[in-house]
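Take a look and give me a structure for this.
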Amino acid sequence: MPQGGEWTMRSVTVIPASVNKFSAQPLSAKEKRKVAAYARVSTDEEEQQTSYAAQCDYYEKYIKSRADWAFVKVYADEGISGCNTQKREAFKTMVQDALDGKIQLILTKSVSRFARNTVDSLTTIRKLKEHGVEVWFEKENLKTFDPKVEMILTILASLSQEESRSISENVNWGIRKKMADGKFTLCYSHFLGYDKGEDGTLVINGEEAKVIRRIYALYIKGMSPYGIAKKLTEEGVNTPGGRTRWCDSTVKSILRNEKYCGRALLQKTFTPDFLTKKAVRNTGQVPSYFVEHSHAPIIDPDVYDMVQRMMEGRKRGKNRMSSVGIFSSKLKCGDCGSWYGSKTWHSTDKYKKVIWQCNHKFHGKKCSTPHLSEGEIKEIFVKAANMLIAEKSEIIAAYEMMKEKLFATTALEEKRKELENELRVTAKLVDDCIKENARIAQDQTEYEERYQSLVERYEKEKNRYDEIIEQINDRTARGEQVSLFLRKLSGLDLIAEFDDDLWLSMVDFITVHDKAKVTVTFKDGSEIKLDR
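Numbering: from 1, shown residues only. Next comes the predicted model:
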């Protein structure tokens, strides 16, 4: 205690730090620091490959040359963008290893090599710092354990992000300029029918083109995408990706792809965010480019257009193409109008048999129509087809006389043009109405009534226009289908047995009335009534 109100001088003793404030390791410890490096290049070009190899070699030698460091590994991502860490597998592995205590120090060339996304960069650095892991950026001479470095890193990472944005915009501009000139590239390893020519143009691959033509031919005959996929899989034909199992979606994409008829629709998708690089479908957000005669066609353009109309027509039908087999959506119940479906009898024994019956036979009102075996269906077809073939001259002559009346679209085309003009006029009236309201003060109730009236008028005209377009497409598709059918019929002689291709190309459907009567409707509209 101090005496007489006097105080002694205060004494302070400094106790030196004994452990690292980040790693909690004793400062006197002689254990080598576990060091790794991260290298990345963003493209697969040759000069970048050289840089990639040089980075890996340099870091391994440099780390091993330090007596106080223990070399862990060089983690490297090749041909990967730095905009985010989503697909950078080596980077993610390195961070996890560091969090697991396998790494204490990470060397990397620069902030931009580590990440061009500010949020990714700072989040990762802070997470590593919390676990006692330091990152050294050589180019900027920055070490993340330095308390002043985070602000500098924020600025540098933001600059790198803006640089990435600029690069992305420049690349996109270059791609769009190329598209505007009618130039494009394909992923040839996943595109059936074409190879890359010496000058970069598309060159038809003869063997693969046969598969494409066959897919279109099978579809025109009446086989569904599911049925085509099943047939190609059974035959061991390779898909565009080199596999042997086909999906109906793959067949549909081939039937829909305009490049097979020598055209090219460019920029079907675009990337709105340069950070995520996620492509979205272009529905008008950015320009698209349609190129006619861009390369040699595998499919005749008229055939391609016909297939598009057929696909639209089938899509509108009710359960029209169930696609289980060649008899699916071909047998109709004369009682309720529903389609027949297949059922297997004695599926587990030697008496196994496939029969077809009305899908509604045991749901609600019981139909009186009988089931048919596949053998009976084939017999019906052969008998009806031969009756039609015997009368083919008369059928073809009648078609030539009636085709203009049945399938002409001249009047419909005139109506279409008339409605297009009306739509343009109405659209302008709507636009003028909006602009006038923005320019001149007026009663908003009256404006709203006038605006709604114009919009309703436009929608009514648009509905009429869509109906006319549908009628034109249906009539054109029907005419083309009948023409194909009659060309096939003209070259036929009487047949002795059932043939899959003839069945698909000739029969629209069979209506089953009772055990004794059926009606076979062919694709030209001809009907053959049979008493069994």
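
what's stretch 298-316 in contact with?
Stretch 298-316 has contacts (Cβ atoms under 8 Å, 6 or more residues apart in numbering) with 193-194, 204, 209, 212-213, 216, 219-220, 224, 252, 255-256, 258, 260-263, 320-321, 473-474, 476-477, 480-481. Placement of C-beta: from N, CA and C, glycine included.

What are the boundaries of the strands in the stretch 1-150 of the chain?
Taking DSSP state E, counting those that start in this stretch as the criterion, the stretch 1-150 of the chain carries its strands at 33-41, 69-78, 105-108, 134-137, 142-143.

Which of those strands comes out lowest on mean pLDDT?
Across the strands of the stretch 1-150 of the chain, strand 142-143 has the smallest mean pLDDT, namely a mean of 84.

Which elements pack onto that strand?
strand 134-137, helix 149-180 (3 or more Cβ pairs under 8 Å, 6 or more residues apart in numbering; DSSP states H and E).

Where among these is average confidence lowest?
helix 149-180 (a mean of 58).

Confidence-wise, which helix or strand of this protein is lowest on average?
Each helix and strand of the chain was given a mean pLDDT (mean pLDDT, DSSP states H and E); the minimum falls on strand 269-270 at a mean of 54.

helices and strands around the strand or helix carrying residue 214, which ones?
Assigned by DSSP states H and E, residue 214 belongs to helix 206-221. Other helices and strands packing on helix 206-221, by 3+ Cβ pairs under 8 Å, 6+ apart, are helix 225-234, helix 248-256, helix 301-316, helix 500-506.

orientation of that helix relative to helix 225-234 in degrees?
Here helix 206-221 runs at an angle of 140 degrees relative to helix 225-234 (axes from the mean of the first three to the mean of the last three Cα atoms, to 10 degrees).

Output helix 206-221 in CSV with nothing but the alpha carbons.
Coordinates of each C-alpha in helix 206-221 appear next as CSV, following Å, rounded to 0.1, in the frame of the first residue of the first chain:
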residue,chain,number,x,y,z
GLY,A,206,-23.0,-39.8,-96.0
GLU,A,207,-23.6,-42.5,-93.5
GLU,A,208,-25.0,-40.3,-90.8
ALA,A,209,-27.2,-38.5,-93.4
LYS,A,210,-28.9,-41.8,-94.2
VAL,A,211,-30.0,-42.0,-90.5
ILE,A,212,-31.4,-38.4,-90.7
ARG,A,213,-33.3,-39.1,-94.0
ARG,A,214,-34.7,-42.4,-92.5
ILE,A,215,-36.0,-40.5,-89.4
TYR,A,216,-37.8,-38.0,-91.6
ALA,A,217,-39.2,-40.8,-93.8
LEU,A,218,-40.4,-42.9,-90.8
TYR,A,219,-42.2,-39.8,-89.4
ILE,A,220,-43.9,-39.0,-92.6
LYS,A,221,-45.1,-42.6,-92.9
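
what sits up against it?
Around helix 206-221, the neighbours that count as contacts under Cβ under 8 Å, 6+ apart are 192-194, 225, 227-228, 231-232, 237, 251, 254-255, 260, 298-299, 303-304, 306-307, 310, 484, 501, 504-505.

Give me the distance between stretch 217-229 and the centre of its chain.
Here stretch 217-229 is found 21 Å from its chain centre; the criterion is Cα atoms, centre = their mean, to the nearest Å.

can you give me the end-to-end distance of that stretch?
In stretch 217-229, first residue to last residue: 13 Å (Cα to Cα, to the nearest Å).

Show me the contact partners of stretch 413-432.
Stretch 413-432 has contacts (Cβ under 8 Å, 6+ apart) with 451, 454-455, 457-458, 461-462, 464-465, 468-469, 472.

Could you list the buried residues of that stretch?
By neighbour count with 16 or more other Cβ atoms under 10 Å, stretch 413-432 contains the buried residues 415-416, 419, 422-423, 426, 429-430.

what do you get for stretch 397-408?
Buried-residue list, stretch 397-408, by 16+ other Cβ under 10 Å: 399, 407.

quick one: low-confidence parts of the stretch 401-532 of the chain?
Where the stretch 401-532 of the chain drops to pLDDT under 70, the residues are 532.

Show me the strands in it, by range?
507-512, 517-522, 527-531.

Now do the first one and strand 527-531, the angle between them.
Looking back up the chat, that one is strand 507-512. Put simply, strand 507-512 runs at 40 degrees to strand 527-531, going by the same axes, to 10 degrees.

Against which helices or strands is strand 507-512 packed?
By 3+ Cβ pairs under 8 Å, 6+ apart, strand 507-512 packs against strand 331-333, helix 374-390, strand 517-522.

Noted, bye for now.
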